[in-house]
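Participant: coords below, sequence missing:
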Ligand SMILES: CC(C)(C)c1nc(N2CCN(c3ncccn3)CC2)c2cc(C(N)=O)c(N)nc2n1
């Protein structure tokens with residue numbers, strides 16, 4: 001086979017594997033068996049081995065990185081990854097709404113998102129290619145964990161359009177994977193993780209990408225850091241566009257016309273969160289229009305246009321129920 005034929009064959013293999021990945025991880029309905037997938041991947045890796053000059057950074061073979069790192073490189077976030085103010089009850093949500101409405105002329109619509117209990121990360125794409133992934137760190141300086149993030153199947157190595165942008169999201173470990181990992185750790189006499197958030201953070205802070213690759217991590221994208229020429233005017237449009245680009249957003253987000261609808265959404269999830277495949281520790285409420293976000297601006301450390309409604313910690317509820325039952 002000459003180089004031209006190899007190039008053609010490689011492109012076709014990559015396309016097939018990317019489609020299989022999407023069917024398996026995003027649509028949850030694979031059209032081929034794991035065995036067929038593995039055979040196809042082996043064919044790709046063998047052919048790339050014969051023509052290494054034809055390997056591209058977005059090839060599915062490049063997901064699980066090379067040798068372990070000896071330390072993480074520090075990275076600066078051009079747009080700081082801020083904190084979030086908290087609300088612990090309905091009254092504090094209404095206070096947030098009053099403050100926001102006091103700061104802008106027109107009515108405010110909100111977007112509510114489940115607050116995924118994982119590790120906040122930033123993904124940078126240049127001309128559609130995934131070039132860098134970093135932890136939030138202290139909001140200004142994070143750690144470069146690109147090689148580990150490349151192992152998350154739901155992070156596309158190439159977007160469906162060649163945009164240059166930086167997106168933010170929460171990397172997490174699904175509850176089932178967390179339970180399986182802890183069973184394995186206990187079977188090996190290792191210390192189990194206390195919760196899925198620690199397990200996700202611990203997995204992404206491994207210096208060896210091969211370990212991260214085995215941890216079955218996932219991600220939901222929820223925001224945009226830098227996106228130069230984007231014409232979008234609202235947060236909800238951004239979420240829809242991220243999905244179109246092949247970036248996974250959480251399907252439960254909802255646009256709410258006022259704080260009453262926000263409160264209904266929040267109350268709905270207080271009891272339904274146990275049915276989710278992943279842990280959440282609250283709901284994030286954001287002003288939808290970007291021009292209104294700009295008018296409201298930021299406090300020293302967090303936006304005035306967003307707040308996190310925090311659920312009471314689960315063990316607290318369990319404990320209270322026990323007391324009630326025992327009375
Ligand atoms: C872009 C803004 C600032 C509004 C924002 N900030 C968030 N966070 C900030 C605080 N973060 C943080 N992390 C560690 C230490 C301190 N703060 C962790 C992310 C969000 C987290 C989630 C989520 N978890 O599902 C979400 N759907 N939307 C967010 N939106």
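Facilitator: Perfect, I can see it now. Keep in mind that this is a model prediction, so the values were computed, not measured.

Participant: Going by C-alpha atoms from here, please, whenever you check contacts or count neighbours.
Facilitator: OK.

Participant: Around the ligand, pick out the residues from the stretch 51-200 of the chain.
Facilitator: 82, 83, 84, 113, 114, 115, 116, 117, 120, 170 (Cα under 6 Å from any ligand atom).

Participant: try it again with 8 Å
Facilitator: Proximity of the stretch 51-200 of the chain to the ligand (Cα under 8 Å from any ligand atom) is limited to residues 81-84, 113-120, 136-139, 168-170.

Participant: Do I have it right that residue 259 meets residue 97?
Facilitator: Yes: assessed by Cα atoms under 8 Å, residue 259 is found in contact with residue 97 at 6.6 Å.

Participant: quick one: which of those two has more around it?
Facilitator: Using other Cα atoms under 10 Å, the more surrounded residue of residue 259 and residue 97 is residue 97, with 22 against 19.

Participant: coming back round to it: quick check on the residues of the stretch 51-200 of the chain next to the ligand: which are buried?
Facilitator: Applying a neighbour-count criterion of 16 or more other Cα atoms under 10 Å, the buried members of these are 81-82, 84, 113-120, 136-137, 139, 168-170.

Participant: so where's this structure uncertain?
Facilitator: Residue ranges of the chain with pLDDT under 70: 65-66, 314-327.

Participant: Please enumerate the helices of the stretch 101-250 of the chain.
Facilitator: Assigned by DSSP state H, counting those that start in this stretch, the stretch 101-250 of the chain shows helices spanning 146-149, 175-187, 196-204, 209-213, 235-244.

Participant: ok, and what's touching the longest helix along the chain?
Facilitator: As assigned by DSSP state H, the longest helix anywhere in the chain is helix 3-25. Identification of contacts with helix 3-25 by Cα atoms under 8 Å, 6 or more residues apart in numbering yields 29-32, 37, 40-41, 44, 47-48, 51, 54, 59-60, 153-154.

Participant: Can you give me the domain assignment for the protein?
Facilitator: Domain assignment for the chain by automatic domain parsing gives 1-63, 64-68+82-326.

Participant: Tell me which of these sits most buried.
Facilitator: Counting by mean count of other Cα atoms under 10 Å, domain 64-68+82-326 has the highest mean neighbour count of the domains of the chain, with a mean of 18.

Participant: separation between residue 32 and residue 40?
Facilitator: 10 Å (Cα to Cα, to the nearest Å).

Participant: oh, I was asking about residue 74
Facilitator: Distance of residue 74 to residue 40, computed by Cα to Cα: 36 Å.

Participant: same question, residue 163
Facilitator: From residue 163 across to residue 40, the span is 29 Å (Cα to Cα).

Participant: now do residue 303
Facilitator: 47 Å.

Participant: can you check residue 210 too?
Facilitator: Noted for residue 210: a distance of 20 Å to residue 40, by Cα to Cα.

Participant: Could you do residue 84 as well?
Facilitator: As judged by Cα to Cα, residue 84 and residue 40 stand 44 Å apart.

Participant: Ok, residue 13 next?
Facilitator: From residue 13 across to residue 40, the span is 7 Å (Cα to Cα).

Participant: Same question for residue 295.
Facilitator: Per Cα to Cα, residue 295 is found 52 Å from residue 40.

Participant: isn't residue 171 right up against residue 215?
Facilitator: No: using Cα under 8 Å, residue 171 makes no contact with residue 215, being 11.6 Å away.

Participant: so who does the nearest residue to residue 160 once chain neighbours are set aside touch?
Facilitator: Once flanking residues are discounted, residue 160 sits nearest to residue 245: 4.8 Å by Cα to Cα, 6 or more residues apart in numbering. Listed by Cα under 8 Å, 6+ apart, the contact set of residue 245 reads 159, 160, 161.

Participant: Just confirm the second one contacts residue 242, I think it does.
Facilitator: No: look at residue 160 against residue 242 with Cα under 8 Å: they stay out of range, at 9.9 Å.

Participant: Break down this structure into its strands, ranges please.
Facilitator: Remark: strands assigned in the chain by DSSP state E are 74-76, 86-87, 110-116, 119-126, 129-135, 141-143, 165-172, 218-224, 254-256, 280-287, 306-310.

Participant: Which one of those strands lies nearest to residue 266?
Facilitator: Residue 266 lies closest, by Cα to Cα, to one member of these: strand 280-287, at 6.6 Å.

Participant: returning to what we had before: can you tell me which of the contacts of helix 3-25 is nearest residue 108?
Facilitator: Closest approach between the contacts of helix 3-25 and residue 108, by Cα to Cα: residue 154, at 32.8 Å.

Participant: The contacts of helix 3-25 in helices, which ones?
Facilitator: Among the contacts of helix 3-25, DSSP H puts 37, 40, 41, 44, 47, 48 in helices.

Participant: So the last one sits against residue 55, correct?
Facilitator: The reference is to residue 48. Yes: Residue 48 lies in contact with residue 55 (Cα under 8 Å); the separation is 6.0 Å.

Participant: Near the ligand, which residues of the stretch 201-327 of the chain are found?
Facilitator: Residues of the stretch 201-327 of the chain lying near the ligand by Cα under 8 Å from any ligand atom: 220-224, 280, 283-286, 302-303, 305-307.
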